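Visitor: 3D model of this:
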Amino acid sequence: MNPMHLERRSFLTLLAAAPAAFPQKSSSTMLVYFGTYTRKTSKGVYVAKLDTATGKVSEPELAGEVSNPSFVTIHPNQKYLYAVSEMGGGGAQGGGVTAFSIDKPSGKLTRLNQVSSKGSGPCHLNVDKTGRTLVVANYGSGSVAAMPVKPDGSLGDPVGFIQHAGSSVDKRRQAGPHAHSVNYSANNKFVIAADLGLDQVLVYKVDPATASLTPNNPPFAKVKPGGGPRHFTFHPKGKFAYVINEMGQAVTAFAWNAGKGALTEIQHISTLPDGVTVANNTTAEVVAHPNGKFLYGSNRGHNSIAVFSIAKDGKLTRVENAPTQGEIPRNFAIDPSGKWLFAANQNTDNVVIFAIDQATGKLSPTGQQLKVDVPVCVRFAAL
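Guide: You can find the predicted model right below:
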């Protein structure tokens, strides 16, 4: 071989490897967004900055005005934020989804547009991994809608739509369907919709290119009657999944068949300590730690985060119940580094930051609390 050709090839090989060999220094600062109910003095979505190395957080500021953005999500390219308007604020049926562009590094939001959620009481939303389709769960009308995301981050009108039907055993809360969350599978082929009113975790095939939704076969997995499945999360390795049951105060663990889109129950475990009963306690959020070793779930009433360890077979063992230092922890989130957990206490207008023990999963308050009126949702975005 010509020595010059060999020298050139060696140079190109080294050049290609350079980004891995000499990684760019990344910022330890992230944006933290807080969705709220626009009661008291809240006007919409708030933003703060987190130093992931130290856990220090700046004081939240108003990022963008919108009515009742009880849940927000971030586009995969980190340039756009989407918020539901859970009560009023858009759409012929009373629910809307608003698109915003994110200004870096301030975190301020610029409204792009708002479209109907094609149902009432939208409460949860997510964008697919290609960034082309957004799905939203309508709690009030019990439906799921999918809408295209345009190249500029704005939203098109809903294309895919499925109206749930049926009821379950609690005639007060389960007389009809109540879709409560929507999550994409890791392979981006399925959307999982937890419906509190049906006691079902429904599975839909999704085409991100067209925003279409079609029922899967099998179409759903059941939870215990009266459980009221609310939020859902996959294990980071993709073999297991977990749904938290709002009314049943428990987590249902599933084995997940990624090829078939099938959920098989493997465990049902209480979110409360053994022997403890709390009147009017309900659960809200469930999150798997990025390292796959721990699962967290919130109790509203007991006002705690239930911490579980995850075994190799996906089953859970309770580690502790950590008080959230506030009332009604509606939502919480773990930052991408896995070091910090932010618990949003809806009724006491505070967000409490906890340090996560990487060996045990236990939570320790850092001593820092943020003032946010009626905080409901926490989401992180890269700068």
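Visitor: pull the longest strand from the protein.
Guide: The longest strand of the chain (DSSP state E) is strand 212-222.
Visitor: what packs against the next helix-or-strand element following that one?
Guide: Downstream of strand 212-222, the next assigned helix or strand under DSSP states H and E is strand 229-234. Helices and strands touching strand 229-234, by 3 or more Cβ pairs under 8 Å, 6 or more residues apart in numbering; DSSP states H and E, are strand 179-184, strand 190-195, strand 200-207, strand 240-245, strand 282-288. Placement of C-beta: from N, CA and C, glycine included.
Visitor: report the angle between the longest strand of the chain and strand 240-245.
Guide: Angle of strand 212-222 versus strand 240-245, following axes from the mean of the first three to the mean of the last three Cα atoms, to 10 degrees, is 80 degrees.
Visitor: so what's residue 214 up against?
Guide: Neighbour list for residue 214: 204, 205 [criterion: Cβ atoms under 8 Å, 6 or more residues apart in numbering].
Visitor: what's the pLDDT at it?
Guide: Looking at residue 214, its pLDDT is 98.
Visitor: do you know how far it is from residue 113?
Guide: Distance, residue 214 to residue 113, by Cβ to Cβ, to the nearest Å: 27 Å.
Visitor: likewise residue 290?
Guide: From residue 290 across to residue 113, the span is 33 Å (Cβ to Cβ).
Visitor: ditto for residue 309
Guide: From residue 309 to residue 113 the distance is 44 Å (Cβ to Cβ).
Visitor: can you point out the buried residues in the helix or strand where residue 112 lies?
Guide: Assigned by DSSP H and E, residue 112 falls within strand 109-116. Across strand 109-116, burial judged by 16 or more other Cβ atoms under 10 Å covers 109, 112, 114, 115, 116.
Visitor: now do stretch 56-72
Guide: For stretch 56-72, by 16+ other Cβ under 10 Å, it's 57, 60, 63, 64, 66, 67, 68, 69, 70, 71, 72.
Visitor: and it, what's its mean pLDDT?
Guide: 97.
Visitor: so which of the helices and strands packed on strand 229-234 is nearest residue 315?
Guide: Closest to residue 315 of the helices and strands packed on strand 229-234 is strand 240-245 (Cβ to Cβ; 8.7 Å).
Visitor: contacts only, for the closest residue to residue 234 other than its chain neighbours.
Guide: Closest residue to residue 234 in three dimensions, ignoring its sequence neighbours and counting by Cβ to Cβ, 6 or more residues apart in numbering: residue 241, at 5.0 Å. Contact analysis of residue 241 by Cβ under 8 Å, 6+ apart lists 192, 232, 233, 234, 235, 253, 254, 256, 263.
Visitor: partners of residue 241 in the sheet?
Guide: residue 234, residue 254 (DSSP bridges).
Visitor: from residue 185, how far out is it?
Guide: Residue 241 sits 9 Å away from residue 185, going by Cβ to Cβ.
Visitor: overlap of the contact sets of these two?
Guide: 192, 234, 256.
Visitor: if any of the residues you listed are buried, give me the ChimeraX selection for them.
Guide: Remark: buried members of the shared contacts of residue 241 and residue 185, expressed as a ChimeraX selection using 16+ other Cβ under 10 Å:
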select :192,234,256
